[in-house]
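J.: can't give you the sequence, but here's the structure:
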């Protein structure tokens, strides 16, 4: 267990293993209930109709009055109240990253540290890639674009409603509602990057060096608003094509975020990624690539496949 302080609060950070029961100490009944309720909502895709869905986060009490937690087929981070658990993959993380890259879930050309092992978790690695990509984008400043805006002004800008203007003049108002477009940095891709940086800071599992880098970057997002509905579905164009790789990391982080604020007296939250589909697709891709290079061995009367 370790304590992480990223500037606002201290979190107890422990470790779990994907699809394995792990004993934890100090868990209360209310916290266990909140975690299981969150896992049920995740199992049904966030729907309020939970029914008899099997929870992705399961808690049980042993005979010695200790609690055990199991996170089914997901990696990432889960938390409740002031406690946080990093969920490690059940296979070496370097293998998982390789399969996710082969499946197309992650870009294939992203650098993976040579020393990566059980001590590094998927979320921190992904957030590190996000930081690096955002820092490279910042060398050329944030992209700008046209965004729709509406404001009460004392002069005409853009378009106005003549009838509304006439009624305002009759009532002695000197301002009018103007609808126009601003050319600024408050565009969807920048809101995605800002929201994902904030999500990393709020996770409580990143170290202080990463937190400092994230806070330094966030200071550059002046004038960029909170995430809006539809931002996650935004498509890149020719002016924002340089954002492609970094935005993919931001979407991975934001789509893995789930917060449940209605589970009794305790608040449970998580950053989770499902592994089975990505791993299966990665293995299928490896086998398909090997099949194209298969060669017949007459002596062995068998086909030989060479995996990369």
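T.: That came in fine, so what should we check first? Note that the structure is predicted; figures quoted are calculated from it, not measured.
J.: switch to C-alpha atoms for all contacts and neighbour counts from now on
T.: OK.
J.: quick one, what contacts residue 68?
T.: Contact analysis of residue 68 by CA atoms under 8 Å, 6 or more residues apart in numbering lists 21, 22, 23, 24, 59, 60, 61, 62.
J.: let's go with 7 Å and repeat that
T.: For residue 68, the contacting residues are 21, 22, 23, 24, 59, 60, 61, by CA atoms under 7 Å, 6 or more residues apart in numbering.
J.: that one bridge partners, please.
T.: Under the criterion DSSP bridges, residue 68 forms beta bridges with residue 23, residue 60.
J.: let's have the contacts of residue 68 in JSON lines, adding pLDDT, neighbour count and distance to residue 42.
T.: Shown next, in JSON lines, are those (pLDDT from 0 to 100; neighbours: other CA atoms under 10 Å; distance: CA to CA, whole Å):
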{"residue": "21", "pLDDT": "93", "neighbour count": "17", "distance to residue 42": "19"}
{"residue": "22", "pLDDT": "91", "neighbour count": "15", "distance to residue 42": "20"}
{"residue": "23", "pLDDT": "90", "neighbour count": "17", "distance to residue 42": "22"}
{"residue": "24", "pLDDT": "88", "neighbour count": "15", "distance to residue 42": "22"}
{"residue": "59", "pLDDT": "91", "neighbour count": "23", "distance to residue 42": "15"}
{"residue": "60", "pLDDT": "91", "neighbour count": "16", "distance to residue 42": "19"}
{"residue": "61", "pLDDT": "89", "neighbour count": "14", "distance to residue 42": "22"}
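J.: can you pull out the strands in the stretch 151-300 of the chain?
T.: Remark: strands assigned in the stretch 151-300 of the chain by DSSP state E, counting those that start in this stretch are 176-184, 257-260, 268-274, 295-297.
J.: which one of those lies closest to residue 228?
T.: Residue 228 lies closest, by CA to CA, to one member of those: strand 257-260, at 15.2 Å.
J.: quick one: pLDDT of the most centrally placed residue in the chain?
T.: Most central residue of the chain, judged by C-alpha distance to the mean C-alpha position with CA atoms, centre = their mean, is residue 253 at 1.2 Å. pLDDT recorded at residue 253 is 85.
J.: from residue 197, how far off is it?
T.: For residue 253, the distance to residue 197 equals 9 Å [CA to CA, to the nearest Å].
J.: likewise for residue 83?
T.: Distance from residue 83 to residue 197, by CA to CA: 21 Å.
J.: so for the two, which residue has more residues nearby?
T.: Of the pair residue 83 and residue 197, residue 197 is the one with more neighbours under other CA atoms under 10 Å, namely 24 against 18.
J.: need the distance between the two termini of stretch 257-275.
T.: Criterion CA to CA; first-to-last residue distance in stretch 257-275 is 15 Å.
J.: do the same with stretch 36-56
T.: 8 Å.
J.: repeat for stretch 235-252
T.: Using CA to CA, the end-to-end distance of stretch 235-252 comes out at 15 Å.
J.: could you number the chain from 625 rather than 1 from now on?
T.: Okay, using 625 as the starting number, the last item reads as stretch 859-876.
J.: who touches that stretch?
T.: So stretch 859-876 is contacted by 750, 754, 757, 758, 813, 816, 817, 820, 856 (CA under 7 Å, 6+ apart).
J.: tell me which of those residues fall in helices.
T.: Using DSSP state H, the subset of these located in helices is 750, 754, 757, 758, 813, 816, 817, 820.
J.: who are the contact partners of the first one?
T.: If I follow you right, that is residue 750. Residue 750 neighbours (CA under 7 Å, 6+ apart): residue 873.
J.: kindly recompute the last result at 8 Å.
T.: Contacts of residue 750 by CA under 8 Å, 6+ apart are 873, 877.
J.: just the fifth one next, same as before
T.: With CA under 8 Å, 6+ apart as the criterion, the residues that contact residue 813 are 855, 858, 864, 867, 871.
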